[in-house]
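Peer 1: Would you be able to build a 3D model of this:
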Amino acid sequence: MTILTRLAVSLVALRRALSRAPLAALAALAAGLPLAGVHAADAAANALCPPVAEPLTAERLTEGMKTAKDHGFLWRISKGGRVSYLYGTIHAARPEWMFPGPTLVSALRESDTLALELDVLDPDVQRRLLASIVAQRNDGLPAELTYRLDRQIKAECIDNAFAFARFAPEFQVASLSVMAARRDGLDPANAIDLVLAAVAREFGKPVASLETPESQMQALRMPTQAETIEFVRSGLDELESGKARPMLRRMAKVWTDGDYAELSRYERWCDCVNTASERAAMKRLLDDRNPKIAAAIDNLHNSGQRVFAAVGSLHMIGPNGLPQLLKKRGYKVEQGDFAR
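Peer 2: Numbers count the residues shown, from 1 in each chain. Model prediction:
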């Protein structure tokens, strides 16, 4: 059995295991798995539903790995005589982007450990992520916002909408914003994180989580109910106006082109830091998490491991981005350039 065949079998088995876990697909957004499915029959009956992601079969995986091209952003980081890698990912992508190209596969082979924001193939991470996603506040949203949220959930043809509605409002809005890109061919089901996790396991390499499910959800939750309401209202305004999809398309182009200069100007074109609440949310989601992620990468590297760390690309920009934080920790940081 070739390595591609073994990988295909193991990855398909892992996807089946996730699909059997209670709401595991919903729990796995943070690592790029689909939050929810669209019933094929429903999509056929309702032309307004987004397209259904193509199932990942053994044959598709084998072909995808054979023809895969490198995308995204890759840095070579070295300290203490060891080389590790830092890779910027995207959480909603086209089908062909989910397969790592030859440069990424080579870097992963050279590494001892794959480090992801969260390893959602770990059953304990799945359980804890699901528990942290569930809404905790007793005071709900105003009826008007609940109605608008329900309307968006129906528009996205989400499987098990009742269960989805039980999740924290911030999680619902953030998820719906990403899922809206499915109509442009960008689907969370096609994110590269899961395939990287399966490839690492096939290579016999451990997979580490750089964060905890609880810390990720703490970053997403607003500090007060008033701020939650503002966050939900602002997100729904963007969804209903159609502003969310062009931004996600632009982000996807930046990622696949490897345009780091444009990525670094994200706050100028994202239209996402206009209010004090939006700026505070951006700080919690990026700047406040980055030092802890950098420390986790550093701890793995200092323990004697060569690390392949794959983290969302927006964590790579600015003075508080991971490349700069790792430089401050004594690493030599060299950005690579994929052949495109």
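Peer 1: Where does pLDDT dip in the stretch 201-340 of the chain?
Peer 2: When residues are selected by pLDDT under 70, those of the stretch 201-340 of the chain lie in 339-340.
Peer 1: mind listing the helices for the stretch 1-150 of the chain?
Peer 2: For the stretch 1-150 of the chain, helices defined by DSSP state H, counting those that start in this stretch occupy the ranges 3-20, 24-27, 40-45, 58-66, 102-110, 123-133, 143-155.
Peer 1: Same question for the stretch 201-340 of the chain.
Peer 2: With helices called from DSSP H, counting those that start in this stretch, the stretch 201-340 of the chain shows them at 213-220, 225-241, 244-257, 260-264, 266-269, 276-282, 290-302, 322-328.
Peer 1: Among those, which comes closest to residue 153?
Peer 2: Ranking the helices of the stretch 201-340 of the chain by their distance to residue 153 (criterion: C-beta to C-beta) puts helix 225-241 first, at 10.9 Å. Just so you know, the C-beta spots here come from the backbone N, C-alpha and C atoms, and that holds for glycine as well.
Peer 1: and that closest one with helix 213-220, angle?
Peer 2: Angular relation of helix 225-241 and helix 213-220 on a 0 to 180 degree scale: 80 degrees, by axes from the mean of the first three to the mean of the last three C-alpha atoms, to 10 degrees.
Peer 1: Can you list the buried residues in stretch 232-244?
Peer 2: Residues of stretch 232-244 classed as buried by neighbour count (16 or more other C-beta atoms under 10 Å): 232, 234-236, 238-239, 244.
Peer 1: now, among those, which is nearest to residue 62?
Peer 2: The shortest gap between residue 62 and any of the buried residues of stretch 232-244 belongs to residue 244, at 34.5 Å (C-beta to C-beta).
Peer 1: what about the closest one, distance to residue 331?
Peer 2: The gap separating residue 244 from residue 331 is 35 Å, by C-beta to C-beta, to the nearest Å.
Peer 1: ok so, going back, can you tell me which of the helices of the stretch 1-150 of the chain the model trusts least?
Peer 2: Note on these: lowest mean pLDDT is at helix 24-27, with a mean of 34.
Peer 1: For residue 249, give me its contacts.
Peer 2: Listed by C-beta atoms under 8 Å, 6 or more residues apart in numbering, the contact partners of residue 249 are 181, 184, 186.
Peer 1: Export these to CSV and append columns for distance to residue 113 and neighbour count.
Peer 2: Rendered in CSV, the data for those read as follows (distance: C-beta to C-beta, whole Å; neighbours: other C-beta atoms under 10 Å):
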residue, distance to residue 113, neighbour count
181, 31, 23
184, 34, 16
186, 29, 24
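Peer 1: ok, of those residues, which one's closest to residue 228?
Peer 2: Comparing these against residue 228 with C-beta to C-beta picks out residue 181 as the nearest, at 23.5 Å.
Peer 1: Let me see the contact set for the spatially closest residue to the closest one that is not a sequence neighbour.
Peer 2: Excluding its sequence neighbours, the residue lying closest to residue 181 (C-beta to C-beta, 6 or more residues apart in numbering) is residue 248, at 4.2 Å. Residues touching residue 248, when contacts are defined by C-beta under 8 Å, 6+ apart, comprise 92, 177-178, 180-181, 184, 186.
Peer 1: pretty sure residue 173 is touching residue 149, no?
Peer 2: Yes - with contact defined as C-beta atoms under 8 Å, residue 173 and residue 149 form a contacting pair (7.4 Å).
Peer 1: hey, what's in contact with both of the two?
Peer 2: Going by C-beta under 8 Å, 6+ apart, residues that sit against residue 173 and also against residue 149 are 232, 236.
Peer 1: neighbours of the spatially closest residue to residue 288 that is not a sequence neighbour, just the number please.
Peer 2: If the residues on either side of it in the chain are set aside, residue 288 comes closest to residue 219, at 6.6 Å by C-beta to C-beta, 6+ apart. For residue 219, the tally of surrounding residues (other C-beta atoms under 10 Å) stands at 17.
Peer 1: contacting residues for residue 219?
Peer 2: Contacts for residue 219 (C-beta under 8 Å, 6+ apart) come out as 284-285, 288-289.
Peer 1: nearest to residue 83, of the contacts of residue 249?
Peer 2: Using C-beta to C-beta, residue 186 comes nearest to residue 83 of the contacts of residue 249, at 32.2 Å.
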